[in-house]
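Novice: Sequence first, predicted model second:
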Amino acid sequence: MEQSFYDQVFEVVRLIPKGRVTSYGAIARSLGSGGSARMVGYAMSNAGLALDPVPAHRVVNSTGLLTGKFHFSPPELMEELLQAEGIVVSDNKIKNFKSVFWDPMLEL
DNA sequence: GGATTGACGTGTC
DNA sequence: AGACACGCCAATC
């Protein structure tokens, strides 16, 4: 099984319901890696290389800040996608972040 | 196989 | 409240 950490991250990210977001740390914990939050973000770098589409725009850091926004082709795409799903983004930050926050551990 | 890196997190100043 | 520093862990070079 070449299911490395990245693949596990991709799976969880794909499970994120529309109109909801989660944090890197939350995903890392759901995978049992705990403090490997950085790995989650690192995995997202390969998200664009993933065969299946990974809604990386639904993943933000613990502060609800769109940290990976600059990694998108057009950085503004992230906000566009989020707002298109009903998520309010202001100044690269998610409004009502706590409200739209989706915890993978609750589903898994 | 050691060193570096990285879309983070939490604590401290 | 904003800025800075250190720590984690796994993949890549």
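Specialist: Okay, I see it.
Novice: Around DNA strand C, pick out the residues from chain A.
Specialist: Taking CB under 7 Å from any atom of the strand as the criterion, chain A approaches DNA strand C at residues A:4, A:5, A:6, A:33, A:34, A:35, A:36, A:37, A:38, A:39, A:42, A:46. In short, each C-beta sits where N, CA and C put it, glycine included.
Novice: One more pass at 6 Å, please.
Specialist: Residues of chain A lying close to DNA strand C by CB under 6 Å from any atom of the strand are A:4, A:5, A:6, A:33, A:34, A:35, A:36, A:38, A:39.
Novice: how about the fourth one, what does it touch?
Specialist: Neighbour list for residue A:33: A:5, A:39 [criterion: CB atoms under 8 Å, 6 or more residues apart in numbering].
Novice: Return the member of the residues of chain A next to DNA strand C nearest to DNA strand B.
Specialist: Nearest to DNA strand B out of those is residue A:38 (CB to the nearest atom of the strand; 4.0 Å).
Novice: That closest one contacts residue A:27, doesn't it?
Specialist: No. Residue A:38 is beyond contact range of residue A:27, at 11.5 Å (criterion: CB atoms under 8 Å).
Novice: who has more neighbours, those two?
Specialist: Between residue A:38 and residue A:27, counted using other CB atoms under 10 Å, the more crowded position is residue A:27 (28 against 11).
Novice: so the more buried one sits in a helix?
Specialist: Yes. Read with DSSP: H, G, I helix; E, B strand; the rest coil, residue A:27 is one of the residues of a helix.
Novice: hmm, back to that, in a markdown table, list the residues of chain A next to DNA strand C along with distance to residue A:96.
Specialist: Below are the residues of chain A next to DNA strand C laid out as a markdown table (distance: CB to CB, whole Å):
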| residue | distance to residue A:96 |
| --- | --- |
| A:4 | 34 |
| A:5 | 30 |
| A:6 | 30 |
| A:33 | 28 |
| A:34 | 27 |
| A:35 | 27 |
| A:36 | 28 |
| A:38 | 26 |
| A:39 | 28 |
